[in-house]
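Student: sequence and predicted structure below; questions after.
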Amino acid sequence: MADGPGPAGHVPWGRAGQQDFRSRVRGCLLGGAIGDALGAGIEFDSLEAIRAAHGPSGVTDYVPAYGRRGAVTDDTQMTLFTAEGLIRAQVRRSTGVWQPAADVHRAHLRWAATQRGWGPDERVPDAGWLAGQEWLYARRAPGNACLGGLADEAMGTLEAPKNPGSKGCGAVMRSAPFGLLTGWEPQAVFQLAAECGAQTHGHPSGYLAAAAFAATVHGVMRGEALESAVHRTLPLLASRPGHEETTEALRMALVAVRQGVPTPERVRSLGEGWVAEEALAMGLYCALVAEDVRHGLLLAVNHGGDSDSTGSICGNLLGALHGETALPPGWVAELEGRATILELADDFAMELTHGPSLHGPGGHSAAWLERYPRS
């Protein structure tokens, strides 16, 4: 069977088994959330201020943010809704409807509703289980482009994007779940991530950085070394108008790996992370040079820029590369929303491996369709 966006359940395992796939999905979502939480308390601080407050090594553990240790931001919130939208796209496909970009858009509209309300609203029909998680209703400095792009139900497209001048990192930081679609062709993953990025960030660097990130995660999930996954992504970028900033940022990250011992100053040479291509380059560089997950994540957040987003990107990559067992257990234990993240990760893996038996012609699970409604 050829690779591509084929029926739910088609996953080219190779040497990896279903348990390895689930571990990598868990690792990707948990790792991104851990990186997000490590950076949340220092997101708006300079490197000098971070060192003054936390010592010459900067932060080495969670620091309080939003009233607790291990708190996540909108980066994790939106990533979870991206994953939920992809599950619901697969569920809807069994009805003959295949509109994954629209399903992800509807999921992001559900996230936007959490930023306007105080808690789950039972009057919203077919909201599914994720929108019922009260902790997700906390407002954690969401980006203006994300809020503005989702302020109405009109969906941005590549031909008519929302916020055409915006290339902030709000699309790239939520796009790792596209890379978990291991049964898809790389080009299809890239295209879908770009389409969904344009729903809020219409500058080519905004949505192409998201697509490049998704394609890189996808390569890692399919067993490629991280650097090889980047090299495989570059030609996908080169075919797109406006790719130059993102291509150059990726190349700078690859060059930086060979420039000596990794330091916060070297991370800073790649930018501050407020714009998409810089956030991608910084998170990628830290994942490439990481001695282990802890080392990579601390490098990714100790800089004077968008620490939670660069930490999240790095964590997504390292978690997908090594799986959940490589994540520092103390950080996992203290992470806000850990149970929800694990539940969603397991559901994602279940849908990708056993979807037809849950909702296809040969099977039907009322409980699954209650969790992930078809409408």
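Tutor: Right, received. Where do you want to start?
Student: the residue nearest to Leu208 when sequence neighbours are not counted and Ala253: what is the separation?
Tutor: Leaving aside its chain neighbours, Leu208 sits nearest to Thr246 (4.7 Å; criterion: CB to CB, 6 or more residues apart in numbering). Every residue, glycine included, has its C-beta placed from N, CA and C. With distances taken as CB to CB, to the nearest Å, Thr246 is found 11 Å from Ala253.
Student: hang on, Thr182 packs against Leu352?
Tutor: Yes - when contacts are counted by CB atoms under 8 Å, Thr182 is listed as touching Leu352 (7.2 Å).
Student: for the residue nearest to Leu208, grab the count of nearby residues.
Tutor: When counting by other CB atoms under 10 Å, one arrives at 30 neighbours for Thr246.
Student: cool, the one 4 residues further on as well?
Tutor: The burial metric for Leu250, expressed as a neighbour count using other CB under 10 Å, is 25.
Student: do you know how far it is from Ala287?
Tutor: 12 Å.
Student: Val275 too?
Tutor: Val275 is 19 Å from Ala287, by CB to CB.
Student: the two: who's more crowded?
Tutor: Of the pair Val275 and Ala287, Ala287 is the one with more neighbours under other CB under 10 Å, namely 30 against 23.
Student: list the contacts of the closest residue to the more buried one other than its chain neighbours.
Tutor: Nearest residue to Ala287 in three dimensions, chain neighbours excluded: Leu317, at 4.0 Å (CB to CB, 6+ apart). Residues in contact with Leu317 (CB atoms under 8 Å, 6 or more residues apart in numbering) are Gly31, Ala176, Thr216, Val217, Val220, Leu226, Gly283, Leu284, Ala287.
Student: where are the low-confidence patches of the chain?
Tutor: 1-18, 121-125, 361-363 (pLDDT under 70).
Student: tally of neighbours for Leu158?
Tutor: The burial count for Leu158: 16, using other CB under 10 Å.
Student: returning to what we had before: so what does the residue nearest to Ala287 have for phi and psi?
Tutor: Dihedral angles of Leu317 (phi, psi; degrees, to the nearest 10) stand at phi -70, psi -50.
Student: so what's the gap between the helix or strand where Ala279 lies and the chain middle?
Tutor: Here Ala279 sits within helix 276-289, counting by DSSP states H and E. In terms of CA atoms, centre = their mean, to the nearest Å, the centre of helix 276-289 is set 13 Å apart from its chain centre.
Student: that helix packs against which elements?
Tutor: Applying 3 or more CB pairs under 8 Å, 6 or more residues apart in numbering; DSSP states H and E, we find helix 276-289 packed against helix 204-221, helix 226-238, helix 244-257, helix 264-268, helix 293-301, helix 307-322.
Student: from the contacts of Leu317, which would you call buried?
Tutor: Gly31, Ala176, Thr216, Val217, Val220, Leu226, Gly283, Leu284, Ala287 (16 or more other CB atoms under 10 Å).
Student: for those residues, which one is nearest His54?
Tutor: Gly283 (20.6 Å; CB to CB).
Student: excluding its backbone neighbours, what's nearest that closest one?
Tutor: In space, Gly283 is closest to Ile313, 2.8 Å off (CB to CB, 6+ apart).
Student: the one you found contacts Glu278, doesn't it?
Tutor: No - counting by CB under 8 Å, Glu278 is not a contact partner of Ile313; they are 10.7 Å apart.
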